[in-house]
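Trainee: structure of the sequence below:
(one chain, ligands or ions: 2)
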Amino acid sequence: MENKNINPLTAGTPVSALSGVGVKRASLYNKIGIYTLGNLIEYYPRSYINYSQPLKIQTAPLNENCAVKGLITKKLPAARIKDGLILYRVIIQDDSGLMTVTFYNNSYTYDALKLGEEFVFHGKMQGGFIRREMNSPSFVRASSGYLIKPVYRLTEGLTGNMVITNVRYALENISKNYYEDCLPFGLRQYYELCSFEFAVKNIHFPSDENSCAIAGKRLAFEELLILQLGMAVRKNRNRQMSSCKMKPDDDALREFCAALPFELTNAQKKAAAEITEDMCKDMPMNRLLQGDVGSGKTAVAAAAAALAYKNGFQTAVMAPTEILARQHLKTMSSLLSPLGINVCCLTGSLKAKERREINEKIKNGGYHVITGTHALISDTTEFEKLGLVIMDEQHRFGVNQRAMLAGKGENPHKLVMSATPIPRTLALIIYGDLDISVLDKLPKGRQEVKTFAVTSKLRDRVFGFIKKQLDEGRQAYIICPLVEEGTNEAKAAESYAEKVMKGFFTGYKTGLLHGKMSGAAKEKVMSDFKDGEYGILVATTVVEVGVDVPNSAVILIENADRFGLSQLHQLRGRVGRGSAQSYCILIAGEVNEDSRRRLEIMTKVTDGFKISEYDLKMRGAGDFFGERQHGLPKMKIADIGADSGLLLKTSQAAKKLIKNSPGLELYPKLKAAAEEIFVRSGENSMN
Ligand code: ADP
Ligand code: MG
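Mentor: Numbering: from 1, shown residues only. Ligands and ions are numbered 1, 2, ... in the order given. Next comes the predicted model:
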């Protein structure tokens, strides 16, 4: 094949420079994200067809995919059957027996199979003991030397063979310096990684299974390493000197602790220490506080606010909903007003006059801790001296909202809080640009929520149990069945309340909460429930994360088999917030093995971090993250969820490299790749 281009091929050369790639094929390549030769070479196979270990025709297992090797001993004449279908048949032989291979309407293939030549076929072995056959198998010439054939993700019009030809040509003709290794030699030796050249050639055209594995390991390592270096680059960028550097004040913290109605857990103490230390550094804090529902994040946040106050700074605490904002107001004032700290709450539902008055007092420094919703970032709100911003349920806010709140001060410290535990190894990656504190133990005396999984046959008994709880003065959540897409969610919830619950709960007041309600209506129902207006809250899955109704002691989840583990755990977190023993009852119909296992895990495990690890393992990283909600770049080869060992190794390697060369100047190729990675994925910075 001739190179159309007289210039040497480089990673940046457009694919259209390859012979055989015209405008049409180039546009097909573009469709799957391939523009340059670099893109093409890094378009790694999805899987392989392995012709390298053929079995014997006669003993290969029936109805399984396998490879067999044989001579073409006979070619039957093409046979036309109905509907214009033409059968092409050839007979293959090895020393164990014969096999008939059939192709439909494919004379090209038929012609390629030359009499007397040896081929390896891969497909499902069918037939019986006497007569063996394969329909439309894939095949290669036995002498081809490429017995492990790559399989690519394709798009209509682009065949596997086209990609194979183009990739092979690119690999053979790209200029030598493309193969220069981005990984330092010492690092490769330490982690036993092959060279880039070996890796990239063998990932496409491995000579055997082992080379393929070695290549894959090296490329996945490189990819995860670059991801983590990218995170580190991002972490250091945007970091300017803090104008809110504070002085440590042990007395203030002692005073704060003395005024608390409880003793901080060790986890809380550690997190509070990490946070307050950050606030006294030259660079502004950028930290995530992760902890299961009920782990006591608010008290930690309050400790930080107390230090800010002592240093003359205001703290803003933003929550995604009014009810959560008001909950913060309540908790923060109870914890902080003994220290003379004035706490207020700014939300959209305030009357104009009230809002003006509060804004006035925020501006002149009369309020020290300002809780609220998005109202905090409106133009009319100005702070006297904002030194710390705290965001609860950080995933509910966009990058812009976070930036806008921080923009109300001069490079204030930032603390984001999340009640969605994710496995530690993953947190390293996803939140690589944040420092992380973890509350991994619930406060003492908190009772574990007892969890049971039952079939719908037992629903009546479960209802009876709930009734007993209500009679004892507790409250209950009932999460009603999932509705089909397009079905009216409101109707479904109502009809569940009317039909299924009917008769059982007459005389008990029931609230209804579903996704079709306006934000204000939802909040009203939630706060009425909180105030004890309803004994039962029938809800679809919209039940607010983080809402604290300590008196609710039971949650019943219908269709529990259809939820993921993390979601079930989130729902379960609605109860167990008070001193009474709480219960979570999972109702499921016919369940498959996967659901059965999920339900079993729920009944046995209460630690959110452990649950998230199971969840990740069972679902794989793709599903776990949903639609790339964390803004991670798409991985070419590494499976973030599958290999936590590799994650840890690469994280360790990234730290070493940065220690050696903080700006990565010593590793220009890695530096360029690390800087590029988030440009490619579209920025989703936590900053
Ligand atoms: P979350 O992490 O879900 O935001 P909260 O901060 O709302 O948790 O705390 C949940 C409840 O636990 C609150 O009622 C709070 O007063 C209480 N709490 C927090 N820390 C402790 C502690 N160390 N000991 C006892 N109770 C605590
Ligand atoms: Mg909370």
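Trainee: for G128, what are phi and psi?
Mentor: G128 adopts backbone torsions of phi -130, psi -160, taken as degrees, to the nearest 10.
Trainee: what does R461 give?
Mentor: Main-chain dihedrals, R461, degrees, to the nearest 10: phi -70, psi -40.
Trainee: any idea how far the residue of the chain positioned farthest from its centre is from V90?
Mentor: Among residues of the chain, the one most distant from the C-alpha centroid is P77; the distance is 55.1 Å, by C-alpha atoms, centre = their mean. Relative to V90, P77 is positioned 11 Å away (C-beta to C-beta, to the nearest Å). The C-beta positions use only the backbone N, C-alpha and C, and glycine is treated the same way.
Trainee: can you check G432 too?
Mentor: Using C-beta to C-beta, G432 is found at 56 Å from V90.
Trainee: do the same with E558
Mentor: From E558 over to V90 the distance is 57 Å, taken as C-beta to C-beta.
Trainee: quick one: the strands in the stretch 251-400 of the chain?
Mentor: Along the stretch 251-400 of the chain, counting by DSSP state E, counting those that start in this stretch, strands occupy 286-291, 314-318, 343-346, 369-372, 386-392.
Trainee: run a quick neighbour tally on the closest residue to ligand 1 within the stretch 301-450 of the chain.
Mentor: Closest residue of the stretch 301-450 of the chain to ligand 1, C-beta to the nearest ligand atom: P443 (3.3 Å). Residues near P443, counting by other C-beta atoms under 10 Å, number 16.
Trainee: likewise the one 4 residues further on?
Mentor: Using other C-beta under 10 Å, Q447 has 13 neighbouring residues.
Trainee: what does the one 3 residues further on give?
Mentor: Using other C-beta under 10 Å, K450 has 15 other residues around it.
Trainee: for it, grab phi and psi.
Mentor: With angles defined as degrees, to the nearest 10, K450 sits at phi -80, psi 130.
Trainee: wait, it sits on Y583?
Mentor: Yes: between K450 and Y583 a contact is recorded at 5.1 Å, counting by C-beta atoms under 8 Å.
Trainee: pLDDT score assigned to the residue of the stretch 301-450 of the chain closest to ligand 1?
Mentor: pLDDT for P443: 86.
Trainee: residue contacts, it?
Mentor: Contacts for P443 (C-beta atoms under 8 Å, 6 or more residues apart in numbering) come out as 262, 265, 268, 294-296.
Trainee: go on, G519?
Mentor: Counting by C-beta under 8 Å, 6+ apart, G519 has contacts T321.
Trainee: same thing but at 10 Å, please
Mentor: 321-322, 348-349, 373 (C-beta atoms under 10 Å, 6 or more residues apart in numbering).
Trainee: just the buried residues of those.
Mentor: Buried by 16 or more other C-beta atoms under 10 Å: 321-322, 373, out of the contacts of G519.
Trainee: centre of the chain to stretch 234-253, how far?
Mentor: In terms of C-alpha atoms, centre = their mean, to the nearest Å, the centre of stretch 234-253 is set 30 Å apart from its chain centre.
Trainee: low-confidence ranges in this protein?
Mentor: Within the chain, the segments meeting pLDDT under 70 span 1-7, 237-239, 394-399, 483-486, 542-546, 620-632, 641-642, 678-687.
Trainee: on that earlier part again, where's the residue of the stretch 301-450 of the chain closest to ligand 1 relative to I422, distance?
Mentor: P443 sits at a distance of 22 Å from I422 (criterion: C-beta to C-beta).
Trainee: what about the closest residue to N173 other than its chain neighbours, distance to ligand 1?
Mentor: Closest residue in space to N173, ignoring its immediate chain neighbours: L9 at 5.2 Å, by C-beta to C-beta, 6 or more residues apart in numbering. Separation of L9 from ligand 1 (C-beta to the nearest ligand atom, to the nearest Å): 56 Å.
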